[in-house]
Each structure stands twice: as C-alpha cells, then as structure tokens.
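J.: When you get a sec, could you give me coordinates for this:
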Amino acid sequence: MPLYLNDEQTMLRDTARDFVAEHAPPSHMRSLRDANDATGFSRDLWKQFAEMGFTGILIGENAGGLGLGHVEAGVVLEEIGRNLSPSPFLSTAVAAVEALKGSAQAERWFPGILAGDTVAALAIDEGAKHRPSVSMTAERAGNGFRLTGKKQFVTHGHVADLLIVAARTAGSADDEEGVTLFAVPKDAAGLTATPERLADSSLAARIALDGVEVDADAVIGDVDAGRDPLNRLLRAGRTGAAAEMLGVGGGAMDMTVGYLKERKQFGTLIGSFQALQHRAAHLYSEMEVARAAVLKAQQLLDAGDERADQAVSVAKAMTGLATTLAVQEGVQMHGGIGMTDEYDIGFYMKRGRVLAEMFGDANFHADLLAKAAGY
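T.: As a prediction, the model looks like this:
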C-alpha cells in the first residue's frame with residue numbers, strides 16, 4: 001500500500017483543513033479556556049461536524065454513514081490537532097463507533113452521533129496510567145447487571161450522553177476473559193461525574209458508579225467476551241490519538257518554521273543560522289517518519305490485517321516522541337516569547353502532552369511491542 005493519500009482522501013483533507021481552520025482555530029480553544037467553559041467544547045461546532053458528514057466517516061452506509069475508514073478519520077483528526085480544536089470527535093465518532101459496530105446498541109446510538117446530538121465518553125482507565133486491566137465489577141441483578149467501581153480520565157465524561165464502560169463479570173483484574181462492555185446512558189441512577197481540567201485546559205471526569213443498574217440490552221457484544229469490542233475501541237482510539245498528535249506536532253513545526261523566517265536577531269533572520277536549520281531539518285525528518293507510521297497503521301486497520309496491533313503501537317509511540325520533539329523545539333526556538341501565554345506554541349506543548357498519555361504513552365507501547373516479539 002502506498003504511504004500517501006489518494007485523490008479522494010486528499011480532497012477530504014483539503015475540505016477538513018479549510019473547515020477546521022475557519023471554525024475552530026487555536027483562538028477557539030483559548031476563548032473556551034478563558035471563559036472557563038464548563039462543557040469543554042462547542043456543541044454548535046459538533047453539530048457542524050455532523051453537517052459536514054465527519055461524524056459518519058466510520059459508520060457504514062447501511063446505517064446512514066459514509067462507510068469510510070481510519071485513514072479518512074485520521075485526516076480529520078490531524079486537522080483537529082493542527083488547530084487544537086476542542087472536539088469529541090476522537091472519543092465519539094472514532095473509538096465509540098468502533099466499539100458499537102455490530103452490536104444491538106449501534107441502532108440506538110448511531111443516529112444521534114450522525115446528527116451531532118450525541119457525545120460518547122470512554123470509561124476505560126482505572127489507574128494513574130493507561131493499562132488494560134479491569135477491576136470494576138458488574139454483578140448479575142435481575143435480567144441485567146449492577147455496576148460498581150470507579151473510572152478516571154474520562155474525556156467529556158461529565159457531559160456525555162453515552163458512557164462506554166468496561167467492567168468485569170468474571171475472573172480477576174488482569175484476566176483477558178471475563179470483561180464485558182456496557183453502554184450506560186448519562187442519566188443512570190447512581191452515576192456521578194466529577195470534571196477536572198487537564199494540562200491543556202480540556203475537561204476529563206472521574207466517574208463513580210455506585211450500584212448502577214442496566215438491563216441486558218446494555219451489553220456491547222457478549223457477556224464475558226468484551227475484549228473484542230474493547231480492543232476495537234483501543235485500536236481505533238490509539239490510532240486516532242496518534243493522528244491528532246501528528247497534527248499537533250505538524251502545527252507546532254509550521255509555526256516554528258514560520259517564526260524562523262520572520263524573527264531577526266542583530267539584523268539577521270534567525271532562520272539563516274545553521275544550527276537552527278539543522279534542528280528544523282531533524283524535526284521535519286522525525287515528523288515524516290511518524291506520519292508514515294500513522295498512515296501504515298490506519299491502512300492495516302482498514303484492511304483488517306493481523307499486523308495492525310503492532311503497527312498501531314508503533315504509530316502511537318513514534319508520534320508521541322516526534323510530537324514531543326516538535327513542541328519542545330518550538331518553545332526553545334521561539335525563545336522567551338515561547339514561554340508566554342500570549343503565544344500559541346505553549347498550547348501545542350500542553351495538548352501534545354495530554355495526547356501522548358491518552359491510550360498509552362511511548363513506554364507502554366514499546367513494552368507491548370517487546371512482549372509481542374517474545375521479550
């Protein structure tokens with residue numbers, strides 16, 4: 001498979017780039033932060049995403065969507081990252097949609113996602129770092145289940161219409177089997193969400209489920225066999241986060257290169273300094289390698305290739321490292337102004353840091369790759 005976009009994907013990129021840059025530039029994120037917005041994103045903008053057809057990229061045509069793939073979803077996510085746009089696109093239109101596919105819950109929730117009326121949140125993580133272990137319990141109760149436990153770092157969890165919750169119906173925390181995925185509506189009795197601001201000013205919630213009762217229809221997939229939809233969710237989320245992070249790194253790099261072409265020191269453009277040229281060239285190379293890794297992971301996911309899991313880990317780890325380099329070099333090469341709140345480069349660093357942790361950092365994915373190789 002060629003590691004570049006075809007004509008249709010290029011057209012989608014151009015459309016998404018113009019739309020996001022116009023309606024959700026970095027100033028949009030800054031205005032939400034300064035207003036201490038309690039939602040964390042614009043619902044009107046989310047509706048506009050739906051009107052553009054973006055929310056249906058991964059939903060099949062038989063369900064009213066576009067029936068496209070992860071490459072196309074990544075195109076939109078990269079532009080979201082490039083503009084630091086607060087949006088539930090990753091959690092809702094990418095990860096949640098992948099988890100819901102093929103389940104009875106898809107018929108209930110897909111229409112709202114397509115219309116831009118529904119926001120989904122992923123209640124997966126329980127510890128300080130992303131790990132696949134599940135301790136939250138789901139006990140049989142009548143014809144359904146009773147969920148008890150806590151989740152954290154649930155992006156948009158305080159305003160989501162749907163929570164996708166991983167709970168344990170059998171076995172112990174680290175067992176592969178015995179996990180069940182549930183679709184829990186926001187108004188479920190016993191569910192509380194406490195929002196907190198992250199480093200990039202986005203909002204994530206600590207979720208507590210105190211005997212939340214759901215019926216058997218809330219199960220996504222099969223009881224005790226939730227690893228399959230959970231793994232689909234994680235593959236989509238990790239690849240999507242890598243694509244968004246690629247946009248963050250690319251946006252930071254473009255801003256830095258532009259600054260090198262404009263800023264003068266002692267009457268000379270600093271972009272003419274050989275040391276800075278070398279650093280910029282190195283950064284460009286690292287970002288291009290990361291871009292190739294992300295596109296390869298997306299293509300393998302769309303093809304249903306068995307090598308997709310390893311490609312996803314490579315993409316997430318490499319993009320995390322490359323974007324970290326991009327934002328750090330950006331702040332340093334901007335000099336003193338790079339440390340101020342008035343300049344956007346610092347926001348790229350903060351967003352890159354949050355995305356690097358989301359769905360597992362570089363060390364987590366390097367460990368997954370080492371174990372897959374037999375180490």
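J.: any idea which helix or strand of this structure has the worst average confidence?
T.: The weakest-scoring helix or strand in the chain, judged by mean pLDDT, DSSP states H and E, is strand 264-265 (a mean of 87).
J.: I'd like the next helix or strand past it.
T.: Remark: after strand 264-265, the chain's next helix or strand is strand 268-269, criterion DSSP states H and E.
J.: tell me which strands and helices that following strand is in contact with?
T.: helix 227-262 (3 or more C-beta pairs under 8 Å, 6 or more residues apart in numbering; DSSP states H and E). Bear in mind the C-beta positions are built from the backbone N, C-alpha and C, glycine included.
J.: now the helix it packs on, how far from the centre of its chain.
T.: Chain-centre distance of helix 227-262: 8 Å, with C-alpha atoms, centre = their mean, to the nearest Å.
J.: before we move on, what about stretch 360-373?
T.: For stretch 360-373, the distance to the chain centre is 18 Å (C-alpha atoms, centre = their mean).
J.: Pull the residues that contact that stretch.
T.: 129-131, 238, 309-310, 313-314, 316-318, 320-321, 356 (C-beta atoms under 8 Å, 6 or more residues apart in numbering).
J.: Quick one: mean pLDDT for it?
T.: If you average the pLDDT over stretch 360-373, you get 95.
J.: how about that stretch: buried residues?
T.: 360-362, 364-366, 368 (16 or more other C-beta atoms under 10 Å).
J.: taking those one by one, which sit in helices?
T.: Of the buried residues of stretch 360-373, the ones assigned to helices by DSSP state H are 362, 364-366, 368.
J.: Looking at those, which is nearest residue 212?
T.: For those, the minimum distance to residue 212 (C-beta to C-beta) is 28.8 Å, reached by residue 364.
J.: residues contacting the residue nearest to residue 143 when sequence neighbours are not counted?
T.: Among residues not flanking residue 143 along the chain, residue 216 sits closest, at 5.6 Å (C-beta to C-beta, 6 or more residues apart in numbering). Neighbouring residues of residue 216 by C-beta under 8 Å, 6+ apart: 143-145.
J.: between these, which has the most around it?
T.: residue 145 (22 neighbours; other C-beta atoms under 10 Å).
J.: Could you identify the helix or strand that succeeds whichever helix or strand that one is part of?
T.: Per DSSP H and E, residue 145 falls inside strand 144-155. Per DSSP H and E, the first helix or strand lying C-terminal to strand 144-155 is strand 162-168.
J.: next one: the helix or strand following that next one to chain centre, how far?
T.: Where DSSP H and E defines the elements, the next helix or strand beyond strand 162-168 is strand 179-185. Distance of strand 179-185 from the chain centroid (C-alpha atoms, centre = their mean) equals 20 Å.
J.: list the buried ones in strand 179-185?
T.: Here strand 179-185 shows 179-184 as buried, counting by 16+ other C-beta under 10 Å.
J.: Strand partners (parallel or antiparallel) of the next helix or strand along the chain from that strand?
T.: Of the helices and strands lying after strand 179-185 in sequence (DSSP H and E), the nearest is strand 191-197. The strands beside strand 191-197 in its sheet (DSSP bridges) come out as strand 203-215 (antiparallel).
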